[in-house]
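**Student:** Here you go, sequence then predicted model.
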Amino acid sequence: MPTIAERKKRARDSLAGNLHGNSCMKTILTPIDFSRVTQAVVDEAAALARAFDGRVVLLHVAQPPVITSDYGLMLENIAQITAIAKKAAARQLARLRAELQAGQVPADPVLLTGSPVTIILDQAKKLAADYIVIGSHGHTAFYDLLIGSTASGVLKKALCPVIIVPLAKTKKRKSGKRLPAAKEN
């Protein structure tokens, strides 16, 4: 695992190459899970690609279903469920790729199956990613302690700079419902 100093040096070198006219196209690995934060992650990756003459690699990691008992799904059902999920993910990736390319941002989709943190780190190394742009769902620290966070796992072990895009917090009031008026005495 690289030291913090090594990671900082790589980030400085990467940025310096762009500032000094290095025309090498940057690779921006963008893991997405099709949650509410996905569009913000893709938008951030596109902005970075435009700023640094880069290409976006849209990565979706499909997780196989977890069987928790002896009475779980039959193996053929698991394969069928995984295939359906991968088909849906492929359609979403194609849509996002088309959206990026319409905005003049080169993009490539990648769809893999496995453990998200491991796959993301492997792909970053394989592609020699210059940046990783990943979303955060804003779970509590207790949730992350019990379940773990993909963004946190990637941030701790990545060899390149990682940009974490938070889930925008907007308060929406349900339509038609108003707060009761204060009573006058």
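**Tutor:** Cool, got the structure.

**Student:** Where does the prediction get shaky in this structure?
**Tutor:** Counting by pLDDT under 70, the ranges of the chain that qualify are 1-23, 65-76, 138-148, 169-185.

**Student:** how does it look with 80?
**Tutor:** Residue ranges of the chain with pLDDT under 80: 1-25, 64-79, 81, 137-148, 168-185.

**Student:** All the helices of it, in order from the start?
**Tutor:** With DSSP state H, the ranges of helices along the chain come out as 4-19, 38-51, 75-102, 116-127, 141-146, 150-157.

**Student:** Figure out which of the ones you listed is closest to residue 30.
**Tutor:** Residue 30 sits nearest to helix 38-51 of all those, at 4.2 Å, using Cβ to Cβ. C-beta here means a position set from N, CA and C on the backbone, and glycine is covered the same way.

**Student:** Which other helices and strands does that closest one contact?
**Tutor:** Secondary-structure packing of helix 38-51 (3 or more Cβ pairs under 8 Å, 6 or more residues apart in numbering; DSSP states H and E): strand 26-31, strand 54-62, helix 75-102, strand 131-136, strand 162-166.

**Student:** Given the second one, what are its sheet partners and their directions?
**Tutor:** In this case it means strand 54-62. Sheet pairing of strand 54-62 (DSSP bridges) gives strand 26-31 (parallel), strand 107-113 (parallel).

**Student:** Could you check the angle the last one makes with helix 116-127?
**Tutor:** The reference is to strand 107-113. Angle of strand 107-113 versus helix 116-127, following axes from the mean of the first three to the mean of the last three Cα atoms, to 10 degrees, is 130 degrees.

**Student:** buried set for strand 107-113?
**Tutor:** The neighbour-count check on strand 107-113 (16 or more other Cβ atoms under 10 Å) flags 107, 109-111 as buried.

**Student:** What would that strand look like as PDB? C-alpha coordinates only.
**Tutor:** The C-alpha coordinates for strand 107-113 follow below in PDB (Å, rounded to 0.1, in the frame of the first residue of the first chain):
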ATOM      1  CA  ALA A 107     -16.600   7.700 -22.700                       C
ATOM      2  CA  ASP A 108     -16.300   3.900 -22.400                       C
ATOM      3  CA  PRO A 109     -18.600   1.600 -20.400                       C
ATOM      4  CA  VAL A 110     -17.300  -1.300 -18.400                       C
ATOM      5  CA  LEU A 111     -19.600  -3.800 -16.700                       C
ATOM      6  CA  LEU A 112     -18.100  -6.400 -14.300                       C
ATOM      7  CA  THR A 113     -19.300  -8.700 -11.500                       C
END
